[in-house]
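Asker: return a 3D structure for these sequence lines:
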Amino acid sequence: DGTLYVSSVHHRKILKISSSGDISDFVSEGQDGTLAVLGIKVDARDRSVWAATEAKGASLLFHFNQQGKTLAKYAPTQPGKHLFNDLAITSKGDVFVSDSDDGAVYKLAAGSKELIRINLEGRPYPNGIALSPDEQTIYVAYGYGIITMSLDGSNIADLQAPGDVTLAQVDGLYYRKGSLIAIQNGLGENRIVELQLSPDGKRITAGRLLEFRSPFVELPTTGTIYKDNL
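Answerer: From the prediction side, this is the model:
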């Protein structure tokens, strides 16, 4: 319906912006132990909202209903530091959340209460995450590139690209009409690019610059696609 949800790291909350521009608290500050909020996604099945939160090496995955009431929260099973960053949801309700400090992706199967860790085999700082339309492939950005993997965590491979297209330093990552839309903000890039995928979705065939160092944004991180707008 055109409603936007915006997360706040500093205030540990989520704002709701209606299609007419009215702004209100969807999740109040620190609600039920909410940590700094990063990635958020709306579940297409019931319009509930999932949020990746973190603070000082701890992380929680939150689930809120349409009214912003906390339904559940889930903690990683692996000891050590965690930074839940961004997430993706399948049509069946499986949730995948990237953990930038743990070098992993955690999967919460629909109906389950336990996060299962998927090791990304030494790839540092996983961040943006996107799902192919057939829901057979997950794309995960990390510090130096983008990987593809199956929903069970198998078949992990680096996405190949032409020599003049860099896949490094991607933050937000989105699938749209046979391409990945990527927000790159490392190394002073601060840009948004379109990465054209091959028909099998296993490699990048071309890149196109959509926005570069816009004066309107100081540090672009994540976004959302609504109709033909990012």
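Asker: just confirm residue 89 contacts residue 107, I think it does.
Answerer: No: judged on C-beta atoms under 8 Å, residue 89 makes no contact with residue 107 at a distance of 11.1 Å. Any C-beta I mention is one placed from the backbone N, CA and C, and that applies to glycine too.
Asker: now list whatever residues contact both of these two.
Answerer: 95-96 (C-beta atoms under 8 Å, 6 or more residues apart in numbering).
Asker: for the residue most central in space within the chain, which non-adjacent residue is closest in space?
Answerer: What sits nearest the mean C-alpha location of the chain, by C-alpha atoms, centre = their mean, is residue 86, with 2.9 Å. Distances taken as C-beta to C-beta, 6 or more residues apart in numbering place residue 39 nearest to residue 86, at 3.4 Å, with adjacent residues excluded.
Asker: look up how far residue 74 lies from the one you found.
Answerer: Distance, residue 39 to residue 74, by C-beta to C-beta, to the nearest Å: 14 Å.
Asker: same check on residue 183?
Answerer: Taking C-beta to C-beta as the measure, residue 183 falls 26 Å from residue 74.
Asker: what comes up buried for stretch 222-230?
Answerer: residue 222 (16 or more other C-beta atoms under 10 Å).
Asker: quick one: it to chain centroid distance?
Answerer: Its chain's C-alpha centre and that of stretch 222-230 lie 13 Å apart, by C-alpha atoms, centre = their mean, to the nearest Å.
Asker: for the remainder of this discussion, apply numbering that starts at 38.
Answerer: Okay, residue one is now 38; in that scheme the one you just asked about reads as stretch 259-267.
Asker: for the residue nearest to residue 248 when sequence neighbours are not counted, name its beta-bridge partners.
Answerer: In this structure, residue 248 finds its nearest non-sequential neighbour in residue 229, 4.2 Å apart by C-beta to C-beta, 6+ apart. The partner list for residue 229 in beta bridges (DSSP bridges) reads residue 220, residue 248.
Asker: and the pLDDT for residue 229?
Answerer: Residue 229 is assigned a pLDDT of 96 by the prediction.
Asker: cool, and residue 210?
Answerer: For residue 210, the predicted pLDDT is 98.
Asker: for whichever strand or helix holds it, packing partners?
Answerer: Here residue 210 is covered by strand 207-213, with elements defined by DSSP states H and E. Applying 3 or more C-beta pairs under 8 Å, 6 or more residues apart in numbering; DSSP states H and E, one finds that strand 207-213 contacts strand 166-168, strand 175-179, strand 216-221.
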